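**Student:** here are the coordinates; sequence isn't available:
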C-alpha cells in the first residue's frame, strides 16, 4: 500500500518540528495522534470488515520507519496502534471485541499491553496478578509495572493467572484500576510508563480473550517487528543527519566527507541499516502472526544496530551532537530503550539459540549437586 508511505511522509515534517517539545515537556502528543488518525494510520492493519485498511505488516513498515525518523514517540504510538495488543485481539477476539477495539483505536486510542510486573519482567510466567471467577465475570488483583501508555490508554490487554493458566483480559479501566505512579524515563519522555494497581477490578465474562498464554505471546512477535522498525527509523535519520553534516562541515580546508575514516563510518552505518531492514522485512513477510525466531532475529539486529548507528552519527558531529540543542541527543536517549523493551537483547539471544539447538525456553539449570560441587572444588 504505497499510499500509507505517502501519507506518513506528508505528516512526518510536522512531527519532527514538534519532537523536542514533547521530549522537554513530557506531554503525550495528542496533536500528533490526531494527525495519525486523519491520515488513516491508526488501526491501518485492522481488517476491512472491521473498518480498517487491511494493511499487512510489510505494507506498514516503511510508514513506521518514516514516522519514527521524525519523532520516535509518535512512531511508537503508530506501532501500538497497529500491533501488540491489537494484534492479539484481531487474531483471537470475538467479533464484538474486534469491533470495539477497532472503533477506539481508529479514533486514536493506543492500547496498553499489561504483562510486566515488579517481580516478573523477562520471566513473564512468574507474574502474580490473578483473575478469579465471580458472578458475571472476573475479578483482577495485582500490580503491573512499566505499562506503556498507562494513564492515557483506554484499552488494556491484561495478562493474569487463572486456574487454567495465564489468560488475557480486555478492559477499558474503571473502578479498581488506577495509576499508582509514573516512571521518569531517560528517553521517549512524552510516553507515560506506569505502575498500574488492580484492586478487585471487575471485568465481565465477555472480557476474556479466547487464547492461551502461548497464543498471546505469538501475537506479541508482531510488536517486536514494530519495535525494531522504530529503532531502524531513528537510526536511518541519524545516519542522514551525519551524512549531511559531513558534506557541509569543513576542517583542515576540506569537507569532513573527504576523510576516509569518516567515510568508513558512513559505510558501516549504511550496510548495517540495510541488513536490519532486510531482516525486518523477512520477518514481516513470514505471516500475520510472524515466525517467532525471525521476529527475534530482526528485533535483536535492528535494535543493536540502531544504538551503534546513532552513537556513530553523534560522534560525527563532535561536541555539537552532545548538546541538547541537537536532535541527536534526544534520538540517542530514545533509541536506547529498544534493546530492552519488548524483549531484551539477551532474552532474544536465548530464544534464537534455543531454536538453533532445538531446545525450549525457559532454559533451566540442572539441580545443584552440593557433593559434586565440593568434589570439584577439592580437585
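**Tutor:** Arrived safely. Everything numeric in this text was worked out from a predicted model, so none of it was measured. Numbering: from 1, shown residues only.

**Student:** pretty sure residue 242 contacts residue 266?
**Tutor:** Yes: between residue 242 and residue 266 there is a contact at 6.8 Å, judged by CB atoms under 8 Å. All C-beta spots, glycine's among them, are computed from the backbone N, C-alpha and C.

**Student:** of the two, who's got more company?
**Tutor:** Neighbours per residue (other CB atoms under 10 Å) separate residue 242 from residue 266, with residue 242 holding more: 25 against 17.

**Student:** the more buried one and residue 235, how far apart?
**Tutor:** From residue 242 over to residue 235 the distance is 10 Å, taken as CB to CB, to the nearest Å.

**Student:** overlap in contacts of these two?
**Tutor:** Counting by CB atoms under 8 Å, 6 or more residues apart in numbering, the shared contacts of residue 242 and residue 235 are 269, 313.

**Student:** domain-wise, how is this protein divided?
**Tutor:** As given by automatic domain parsing, the domain ranges for the chain are 2-106, 112-211, 214-357.

**Student:** redo those domains as TSV? Include mean pLDDT.
**Tutor:** Below are these laid out as TSV (pLDDT from 0 to 100):
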stretch	mean pLDDT
domain 2-106	97
domain 112-211	96
domain 214-357	96
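
**Student:** what about the helices in the protein?
**Tutor:** Along the chain, the segments classed as helices by DSSP state H run 2-25, 30-38, 57-70, 72-80, 85-92, 95-106, 213-248, 260-284, 292-317, 319-322, 327-335, 345-357, 370-378.

**Student:** so for residue 162, which of these sits nearest?
**Tutor:** helix 213-248 (10.1 Å; CB to CB).

**Student:** in stretch 40-56, what's buried?
**Tutor:** Neighbour-count burial for stretch 40-56 flags 41, 42, 43, 44, 45, 46, 50, 52, 53, 55 (criterion: 16 or more other CB atoms under 10 Å).

**Student:** make CSV out of the helices of the chain and add distance to residue 120.
**Tutor:** Compiled in CSV, these are given as follows (distance: least, CB to CB, whole Å):
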stretch, distance to residue 120
helix 2-25, 30
helix 30-38, 30
helix 57-70, 28
helix 72-80, 21
helix 85-92, 18
helix 95-106, 25
helix 213-248, 13
helix 260-284, 26
helix 292-317, 20
helix 319-322, 37
helix 327-335, 26
helix 345-357, 13
helix 370-378, 29
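
**Student:** okay, the ones you listed, which one's buried deepest?
**Tutor:** Across the helices of the chain, the average number of neighbours (mean count of other CB atoms under 10 Å) peaks for helix 72-80, which reaches a mean of 28.

**Student:** now the angle from that one to helix 327-335?
**Tutor:** With axes from the mean of the first three to the mean of the last three CA atoms, to 10 degrees applied, the angle from helix 72-80 to helix 327-335 works out at 40 degrees.

**Student:** show me what helix 72-80 is packed up against.
**Tutor:** On a contact count with 3 or more CB pairs under 8 Å, 6 or more residues apart in numbering; DSSP states H and E, helix 72-80 meets helix 2-25, helix 30-38, helix 57-70, helix 213-248, helix 327-335.

**Student:** so who does residue 249 touch?
**Tutor:** So residue 249 contacts 255, 256 (CB under 8 Å, 6+ apart).

**Student:** so how far is residue 215 from it?
**Tutor:** As judged by CB to CB, residue 249 and residue 215 stand 53 Å apart.

**Student:** returning to what we had before: and of the helices and strands packed on helix 72-80, who's closest to residue 95?
**Tutor:** helix 213-248 (17.5 Å).
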